[in-house]
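Trainee: can you look at this prediction? I've put the sequence above it.
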Amino acid sequence: MPPRKKTTSTKKSASKKTAKKKAAPKTASKKRGAPVSKERDKVTKRAIELLADDVARDGLKGKEPNVEIPLRTVTNMKWNKRKRILEMGDSTQTRSLFNVGQARKFMQTLLLAKGSRELIKAEKTLSLRGMYYMSLHTIEGTKEKTFNDQGESDTVLEDLEVSLGGLREELHVFAKKRGTMVGNITVEDNGDEIDCRRMGTGGYAIPSICEPSVIRFKKCDAKFVLHVEKDTVWSRFNEDRFWETHNCILTEGSGQPPRGVRRLLHRLNKELGLPIYCLLDCDPWGHYIYSVIKQGSINLAFESERMAIPDAKFMGIRAMDYDRCDLSSDVRIALNERDITRARQIAEYPWFKDKRPWQKEIKTLLANGFKMEVESLITKDISYVTEEYVPARLKAKDFLD
Amino acid sequence: MPVAAKKKSRKKATAESMAASQREISVSEFFAKNRHLLGFDNARKAMLTTVKEAVDNALDACEEAGILPALKIHLLQLDETRFKITVQDNGPGIVRKQIENIFGKLLYGSKFHRMKMSRGQQGIGISAAGMYGLMTTGKPVKIISKTGPRKPSHEVVLKIDTSKNKAEVVSDTEHPEDDKLFPEGRGTIVAIELEGKYQKGRQSVDEYLEQTAIANPHAQITYITPSNETIEFPRAMDELPEEAKEIKPHPKGIELGTLIQMLERTEARQLGGFLQKDFCRVGQQKAKQLAEGAGMTSRTWVKNVGHAEAEKLYKSIQDTRITSPPTDCLVPIGSKALLAGLLKEVKAEFFAAATRPPAVYRGNPFQMEVAIAFGGELKTEESARILRFANRVPLLYQQSACSSFKAVVETGWKNYSLQQPRGGLPVGPIVIMIHMASVWVPFTSESKEAVADYDEIRKEMRLALQECGRKLGIYLRRRQRMKKESERRSIFERYIGEIASACNAITGVDAKKLYAALQNQAAKKTAEADQRLDDEGKIVDDGGRLAKDSDVIIVEDLQTGGSEESKNDDLFGGVTLKGRRKKTKKKATRAKKKTRR
């Protein structure tokens, strides 16, 4: 078949081009499972081919080619009270070629669709940045590039995900690794067994793709998961062997946790039944991180089903901790305009709206007029947070829901 | 005390001793000392003023005699700072005995006492120029004039005696070779030698003549510069402007002093007769009403009207409604001639003109005309250039003191798609021409440089500016739309290739076929938008509307050219696309068709 031949040749050149750029050593070996199951791959490939076929058929028929893309905005997001997660609504936008504002994005959507299909055929994965380079070239006869920066390709890729109804992972694209894990658990990562009890000071880097086809849970003795906001606090806990003394898993998401971390937490919660406790900063941004872990994000509402953990609990830092823990006034960071408006916004979110304790928490935060970071507990004692604060909260089961 | 001692030694003037040095000052002496009042402030301006006075007189004379003017201006540089200015016309000539008066006497002329639209007003200009020449070089003025083919031509050399405001004839001969000098058998030549400075650019003789040519497209002007170059300003219209009618003063246009003077001088014996004969717009009824309003009757003897009665009469005039003065005394340049003039001298792509109906200020009828030129070879980054005219005479100095300048500034040019800094002139490739026609143009000074700022005048100017502005706005918006369309098309075309090859890679569809099909669609899509401009009738179809407007000219060759090209540069960093050229051309022809209809 001539078209097939053609694609193989492009595949070769593509893999040669990207081999150097590859940041993550995620080479798919034949023995070890592919990142996505063969069946899923088939479905995704079909979806891509259908999309291109529609465009080509419309074009040849003299009809205006367009692509339907579900809207990823606040307006097209629904709060599912029963499931306690955010879900995407039914609104879509039509991206058409013959619209000045959409023509370029239309072209980019097709370029990325083509790239993903090649990756699936080659059974390889690329980072977001790799994907950007793969589809990057100068449009013939002009000085214009197909993408100006990675950000452009990232958003179009998200559009492609939703319009195909597939996930980024299923398009064989992963994000930069972020987030770390240690604890009483052994996992199998693409065939390699990893004992998270023996990860030294660095911990196990949580990969971007945490699907069952890549990560399998082996032996787990842990009784809960403690998720902290940042890597500095996480290091404190790891050094104090907190996970050992309290028999838990310790994770960290470098601020707003990436998809991999959220997916992993979701699976730990759903598959192993571990409760998730979050130790985050006492400010609107910390609250929103909790919100995303718990009910999903607005941007990725279509993935909430696979990511959100409605049972996650917020441990601290609480606004009242300033008095409760008798902290020094040095730890106070004044709220600025943006913090205040953001806090009010969060208080209005439907999933916070009818929770009295949360309303009270935000009210106290605003009344205090300052925010606090988890690190502020260090002013009491280097290990105050691991030896006193968290154990006390755990013992008292003092969480916000 | 030293102060007292000094006081003692001081000589006291007595009434008698003062009387010895008290004497009459002649007008000429006054202006000799205050020559800046007449526009002879410096050497450069003196050159301009001299040329201007001579040319104004020549044009006035030709038009009054019904002759299509053909002027020749020659600036001959004799020395670093000395020039000989010669201005020749083909006018009716001047009878011998009037030559001394016209060229040698300040405030002598035919135009001051009448109410008629003309370039000259006071009768100061040319004699003042001669006086300036005499003062700076000591050389008298030479005039050669011939009144008809069979009449002799007189060559008169005049010196002005400033103390007597009278001319002194140095020599008076008959010119032998007058047929060579005056091929049309009549005309006047004035030659003045003066200290001057020749400089090109703004406010130069060159600029003055260029603008004169714009406002007088019926005149043929030949100009020989000091560097001996000949510049021709050809005639653009073969019709003389209609002759302006002379009118009597309007009652509302005079002041009390003038009224008293008129009462003293009138030939009428009764008040009713005086009012009816010496003013316009006063009939039997109105005269009766005015007289009775002042406690008198139409039969009151004029000689019995004293100061108190005159004052009452003046008040009665102010309180009575009187029809506006007749306006047939005004001869505007006319939109057609304005456009012809501008088109000839300014290389622009868009021209529009507007002529307001006549209006009245202080009893003087006047009429405003505005024309604008936009785009083409005009400079984009500069402020608008304003060409001001009063009775067809270009005004070059004191722009910001002029009513027209204020009118331009207070017009909201942003509404017409132009940039305009706060309280400033609009910025862009635009020339704004403003002409005021009136029986009496209210200048701010004798040198006739700026029009006084009467509310009525400024309002009329603004309305005319707005009328032109609206047309420009329509044009610019249309141009923008067309630009957008072609931009739209180029965007689509850029991406079609990528899309075709991506689809080919995914589904194996024929890339060339798909490319052709999409290209076809892109052309259709943008063409559809163009069509809508054409067919949907008046509101959208600006091209057609402007094209039917006789007060608008669009020059196709200079149109999109510049702007379109620069737009390409922005988009592609200087790279010209294959097939793009063709498309641009297509666009241009389409536009042409549109405006031709």
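Mentor: Arrived safely. Residues are numbered from 1 along each chain as shown, chains lettered A, B, ... in the order given.
Trainee: hmm, the strand or helix carrying residue B:503 in reach of chain A?
Mentor: If you go by DSSP states H and E, residue B:503 is part of helix B:455-507. Yes - in terms of Cβ under 8 Å from any Cβ of the partner chain, part of helix B:455-507 sits within range of chain A, namely B:487-488, B:491-492, B:494-500, B:502-503, B:505-507. In short, each C-beta sits where N, CA and C put it, glycine included.
Trainee: neighbours of the nearest residue to residue B:429 once chain neighbours are set aside, just the number please.
Mentor: Sequence neighbours aside, residue B:378 is the residue nearest to residue B:429 in space, at 3.5 Å (criterion: Cβ to Cβ, 6 or more residues apart in numbering or on different chains). Each residue near residue B:378 was counted by other Cβ atoms under 10 Å in any protein chain shown, and the total is 20.
Trainee: gap between residue B:378 and chain A?
Mentor: Summarising the geometry, the distance separating residue B:378 from chain A, computed by Cβ to the nearest Cβ, to the nearest Å, is 30 Å.
Trainee: so where is chain A shaky, pLDDT-wise?
Mentor: Counting by pLDDT under 70, the low-confidence segments of chain A come to A:1-36.
Trainee: around chain B, which positions in it sit nearby?
Mentor: By the criterion of Cβ under 8 Å from any Cβ, the positions of chain A lying close to chain B are A:2-3, A:6-7, A:10, A:48-49, A:51-53, A:55-56, A:59-60, A:62, A:64-65, A:97-98, A:100, A:103-104, A:106-107, A:110-111, A:113-114, A:117-118, A:139-144, A:146.
Trainee: if you set the cut-off to 6 Å instead, what comes out?
Mentor: For chain A, the residues found near chain B under the criterion Cβ under 6 Å from any Cβ of the partner chain are A:3, A:49, A:52-53, A:55-56, A:59-60, A:98, A:100, A:103, A:107, A:110-111, A:114, A:117, A:139-143.
Trainee: now list the buried members of those residues.
Mentor: With burial judged by 16 or more other Cβ atoms under 10 Å in any protein chain shown, the buried subset of the residues of chain A next to chain B is A:52-53, A:55-56, A:59-60, A:98, A:103, A:107, A:110-111, A:114, A:117, A:141-142.
Trainee: can you map out the helices along the stretch 301-450 of chain B?
Mentor: Along the stretch 301-450 of chain B, counting by DSSP state H, counting those that start in this stretch, helices occupy B:307-319, B:335-345, B:403-410.
Trainee: measure the residue nearest to residue B:429 to residue B:428 for me?
Mentor: Applying Cβ to Cβ, to the nearest Å, the value for residue B:378 to residue B:428 is 8 Å.
Trainee: just the CA trace of stretch B:15-29, in CSV.
Mentor: Coordinates of each C-alpha in stretch B:15-29 appear next as CSV, following Å, rounded to 0.1, in the frame of the first residue of the first chain:
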residue,chain,number,x,y,z
ALA,B,15,3.7,125.1,24.2
GLU,B,16,5.2,127.3,21.5
SER,B,17,8.5,125.3,21.2
MET,B,18,6.5,122.0,21.1
ALA,B,19,4.3,123.4,18.4
ALA,B,20,7.4,123.9,16.2
SER,B,21,8.0,120.1,16.1
GLN,B,22,4.3,119.1,15.8
ARG,B,23,3.4,118.2,12.2
GLU,B,24,1.3,115.9,10.2
ILE,B,25,2.5,112.3,9.6
SER,B,26,1.8,111.0,6.2
VAL,B,27,0.5,107.5,5.8
SER,B,28,3.6,106.6,3.8
GLU,B,29,5.9,107.8,6.6
